[in-house]
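> Using only what follows, build the 3D model:
(one chain, ligands or ions: 1)
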Amino acid sequence: MKIIALNWKLNPETEKEALSLLGFSDRKGVLVFPPSIFLAEIARKAKRAEVGAQNIFWEEGGAFTGEISPSMVKDAGVQWVLIGHSERRRYFDETDEMINKKILAALHADLRVILCVGEPLEVRKKGVSSAKKFVAYQLENDLRGIKNFKLKIKNLVVAYEPIWAIGTGKADKPAESAEMAKFIKETLSSKPYPPNPKVLYGGSVNAKNIAAFLRPGEIDGVLIGGASLKREELKRIFGILKI
Ligand code: 13P
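Okay, the predicted model is just below:
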């Protein structure tokens with residue numbers, strides 16, 4: 001079954017609106033990623049959808065003002081966490097080293113991880129092979145040490161989100177992101193990574209283009225931002241997916 005992950009980012013404004021969005025999106029196969037302040041309530045109310053955090057810290061406790069630990073998230077009834085989203089890399093200076101620590105901490109707490117990778121426009125302009133090199137570098141550094149991990153690395157999903165496609169209305173060509181998904185799977189299969197990791201595509205997915213990304217093939221699901229907040233768009237998306 002394809003994964004439909006909805007990243008609400010810094011939206012909506014109130015818990016009431018968040019619950020109403022959940023009511024609309026609470027379907028089997030859907031993962032919702034609300035802001036952390038709504039997580040516990042959303043996890044309590046979700047019946048069919050699974051719930052994920054948009055971020056965590058790598059330490060389990062201590063003097064880290066403002067942070068949330070993997071176990072706290074887990075205790076709130078959350079199963080998933082997004083790590084390495086380009087907005088966190090860009091606005092909060094998250095490095096591959098920090099992302100790596102977060103991934104190991106999340107897996108240790110038995111959370112399922114969606115690792116986000118993807119290249120900026122200047123790299124993609126040089127061609128798909130430059131983009132592949134960029135993504136391979138991210139994978140190598142973000143997943144460093146994972147081979148020594150005897151935990152459930154099958155809990156690892158990768159989301160390919162080319163930065164230039166996020167929030168721009170300019171989605172990648174489905175054939176090119178399918179090629180990247182294949183490349184990610186090959187890169188991970190040549191090392192002791194989880195066999196057949198699932199790879200999602202994210203970046204300006206909407207009701208018009210979702211079917212092309214979800215055709216049988218290398219892409220195992222989508223990570224949707226903007227459209228996940230628009231009821232009419234979601235209604236059409238769920239209609240297309242028959243969920
Ligand atoms: P958009 O769907 O708004 O382009 O956002 C994609 C994204 O960043 C999902 O994590």
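
> Would you agree A159 falls within a strand?
Yes - judged by DSSP: H, G, I helix; E, B strand; the rest coil, A159 forms part of a strand.

> need the contact list for it.
A5, L82, I114, L115, C116, V117, V199, L200, Y201, G202, L223 (CB atoms under 8 Å, 6 or more residues apart in numbering). Bear in mind the C-beta positions are built from the backbone N, C-alpha and C, glycine included.

> burial of the closest residue to the ligand within the chain, as a residue count?
Nearest residue of the chain to the ligand: G225, at 2.3 Å (CB to the nearest ligand atom). Close neighbours of G225, defined as other CB atoms under 10 Å, add up to 22.

> List the contacts of it.
Contacts of G225 by CB under 8 Å, 6+ apart are N7, K9, I166, G167, G202.

> so the second one touches Y91, yeah?
Okay, so that is K9. No - under the criterion of CB atoms under 8 Å, K9 makes no contact with Y91, lying 11.1 Å away.

> Comparing these two, which shows the higher neighbour count?
Higher neighbour count among K9 and Y91: K9, with 15 against 9, using other CB under 10 Å.

> distance of that one from A175?
Per CB to CB, to the nearest Å, K9 is found 28 Å from A175.

> The residue of the chain closest to the ligand and S204, how far apart?
8 Å.

> who touches both of the two?
In contact with both G225 and S204: I166, G167, using CB under 8 Å, 6+ apart.

> Model confidence score at the residue in the chain sticking out farthest from the centre, please.
What lies farthest from the middle of the chain is A63; by CA atoms, centre = their mean that is 27.9 Å. Listed pLDDT for A63 reads 98.

> swap in the one 5 residues further on?
pLDDT for I68: 98.

> Does it lie in a helix or a strand, and which?
Using DSSP states H and E, I68 falls within no helix or strand.

> How about the contacts made by it?
S36, A53, N55, I56, F57.

> Quickly note the distance from it to L214.
I68 is 32 Å from L214, by CB to CB.

> do the same with K132
22 Å.

> average pLDDT across stretch 232-243?
Stretch 232-243 comes out at a mean pLDDT of 94.

> May I see the buried residues of that stretch?
E233, L234, R236, I237, F238, L241 (16 or more other CB atoms under 10 Å).

> I'd guess the residue farthest from the centre of the chain is in a strand, am I close?
No - with three-state DSSP as the criterion, A63 is assigned coil and is not in a strand.

> Can you pull up the residues of this protein that come close to the ligand?
For the chain, the contact set with the ligand under CB under 6 Å from any ligand atom comprises 7, 85, 161, 166-167, 202-205, 223-227.
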